[in-house]
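> Give me the fold of what follows.
(one chain, ligands or ions: 2)
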Amino acid sequence: MQEVSKSNEGLALFLDRLFENEGAEGVVSSMSFLFGAFAVTVDGVVIGASDTFLNLVGYSRSELYGMSAVELVAPSARRKLEKRFSQDFIGHYELPLLTKESKIIHTLVRPRIFFSGGRKYRLAQFIDNTATLSLARSQLENFMNVSTALMHAFEYRDPYTQGHMSRVEKIAVKISRLLKLDEQSIGNISLGACLHDVGKISVPIEILTKPSRLEDHEWAFIKKHPEAGYKILTGTHFVKEIEDIVLLHHENQDGSGYPHGLKGEEIPLGAAIVSVADGLDAIAGTRPYRKASSFIEAIKIMEGEANKYRKEVLVAARQLVESGQLSGPEFGVMSSLI
Ligand SMILES: [Fe+2]
Ligand SMILES: [Fe+2]
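Ligands and ions are numbered 1, 2, ... in the order given. Predicted coordinates for the structure are as follows:
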């Protein structure tokens, strides 16, 4: 059985004694002034709960006692909770509680484990996090809107790449979902993809829109855009994963990319995903209407240079293209031409 960490030993011992002397109800009445909403379980079955917890979930004490803790959690979070139980996880985590009325309440949980009479008990404190979460969501929404406005402002300046960043964003998110990444990583990849070419703002417009072949010194300008984008984001509150996407989306798995010539695992997964999404959209062409087959052609060309791309990302991209998920007006594909 996994040991309770040192910092929790004192509390665990205290709870153990309290439980031994006064049972679950003793724990409930002694701790409620400290913890507000909390519940005690033995092997995952509720045997004690404070009045505040009962109010939160809407059950009476007699209904609640004997229920499995897993039943009190939104179905989507049950497997994760069972895993936490099996690992005796004692860190803080977010947990959506399911009330008797089938309403979801977002809580922060602080669990403690203690042992009494050779059995394992859990004491969990629940903090209602619904208001904080909705504020965070609306802030994130505003943040996404500002980033999208920035992307549109950039695309307005350079009509040749119109829609490029938003298409790359959609492709990168679809690839991330196929790779079963968690929602937080997908959010970061979405924002990183949305802004990946923002550094092109530093490239003279004559170079960006030049219809003929670029000279070497002009290419040198273009190749500075990842670092320029990174500098634009530095000093803001973007997380590193997003900054890395902007800085490293032209790195190749075989080390032939820029700006640092990183290889393989040195390139974060988010940047590797945006690299594939970027390549797919760029190779398929930037004309406003194109056939779905242009994505098929693009993936074939990229597979011919497979050393440049992370294998599982390229495989996911082919799956996307073949399943027809890149058709529709948002990808500039006319369905009648498919
Ligand atoms: Fe780029
Ligand atoms: Fe790009």
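> Would you map the strands across this structure?
All strands of the chain, identified by DSSP state E, fall at 37-42, 45-49, 93-98, 104-116, 119-128.
> Identify the residues contacting whichever residue of the stretch 1-150 of the chain sits closest to ligand 2.
Closest approach between the stretch 1-150 of the chain and ligand 2, counting by C-beta to the ion: L150, at 14.7 Å. Quick note: C-beta positions are derived from backbone N, CA and C, even for glycine. When contacts are counted by C-beta atoms under 8 Å, 6 or more residues apart in numbering, L150 touches L195, V198.
> domain assignment for the protein?
6-128, 137-337 (automatic domain parsing).
> As a markdown table, these with mean pLDDT would be great.
What follows is these, written out as a markdown table (pLDDT from 0 to 100):
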| stretch | mean pLDDT |
| --- | --- |
| domain 6-128 | 82 |
| domain 137-337 | 86 |
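> Please report the distance of the spatially most central residue of the chain from ligand 2.
Nearest to the mean C-alpha position of the chain, by C-alpha atoms, centre = their mean, lies Q184 at 1.5 Å. Per C-beta to the ion, to the nearest Å, Q184 is found 23 Å from ligand 2.
> With adjacent residues omitted, what lies nearest to K308?
The shortest distance from K308 to any non-neighbouring residue, by C-beta to C-beta, 6 or more residues apart in numbering, is to N252 (4.0 Å).
> so what's that neighbour up against?
N252 sits in contact with S275, N307, K308, Y309, where contact means C-beta under 8 Å, 6+ apart.
> try 10 Å this time
258, 261-264, 267, 272, 275, 279, 305, 307-310 (C-beta atoms under 10 Å, 6 or more residues apart in numbering).
> what about stretch 84-93, start to end distance?
10 Å (C-alpha to C-alpha, to the nearest Å).
> again, but for stretch 100-109
Span of stretch 100-109 from end to end, C-alpha to C-alpha: 19 Å.
> V45: how many residues sit nearby?
Using other C-beta atoms under 10 Å, V45 has 14 neighbouring residues.
> Not counting its neighbours along the chain, what's nearest it?
In this structure, V45 finds its nearest non-sequential neighbour in S68, 5.8 Å apart by C-beta to C-beta, 6+ apart.
> same thing with L233?
E243 (5.2 Å).
> got the contact list for the one you found?
N188, G192, L195, G229, Y230, K231, I232, L233, T234, T236, A271.
> just the residues you listed that are near ligand 2?
Counting by C-beta under 5 Å from the ion, nothing from the contacts of E243 sits close to ligand 2.
> Could you give me the PyMOL syntax to select whichever of the residues you listed are buried?
A single PyMOL command suffices to select whichever of these are buried according to 16 or more other C-beta atoms under 10 Å:
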select buried, resi 188+192+195+229+230+232+233+271
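> now the contacts of E243 in CSV, with distance to G23?
Listed next are those as CSV, based on distance: C-beta to C-beta, whole Å:
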residue, distance to G23
N188, 47
G192, 53
L195, 57
G229, 61
Y230, 59
K231, 62
I232, 61
L233, 56
T234, 57
T236, 54
A271, 55
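> Most widely separated two among the contacts of E243?
N188 and K231 (19.2 Å; C-beta to C-beta).
> Tell me, how many residues neighbour the closest residue to ligand 2 within the stretch 101-250 of the chain?
Residue nearest to ligand 2 within the stretch 101-250 of the chain: D197 (4.3 Å; C-beta to the ion). Around D197 there are 26 other residues, counting by other C-beta under 10 Å.
> With adjacent residues omitted, what lies nearest to it?
Once flanking residues are discounted, D197 sits nearest to M165: 5.9 Å by C-beta to C-beta, 6+ apart.
> What is the burial count for the one you found?
M165 has 25 nearby residues by other C-beta under 10 Å.
> and if you look at I47?
A count of neighbours around I47, defined by other C-beta under 10 Å, yields 20.
> My read is that it contacts S116, right?
No: in this structure I47 lies outside contact range of S116 using C-beta atoms under 10 Å: 11.3 Å.
> List the contacts of K170.
G163, S190, A193, C194, A277, D281, Q325, L326, G328, E330, F331.
> now H217
H217 makes contact with I207, according to C-beta under 10 Å, 6+ apart.
> How about V40?
Neighbouring residues of V40 by C-beta under 10 Å, 6+ apart: 15, 19, 23-25, 27-28, 31, 46-50, 53, 65, 69, 112, 114, 121-124.
> Quick one, which of these are buried?
Using 16+ other C-beta under 10 Å, the buried members of these are 15, 19, 24, 27-28, 31, 46-50, 53, 65, 69, 112, 114, 121-124.
> got the residues of the stretch 101-250 of the chain near ligand 2?
Contact residues (C-beta under 5 Å from the ion) of the stretch 101-250 of the chain with ligand 2: D197.
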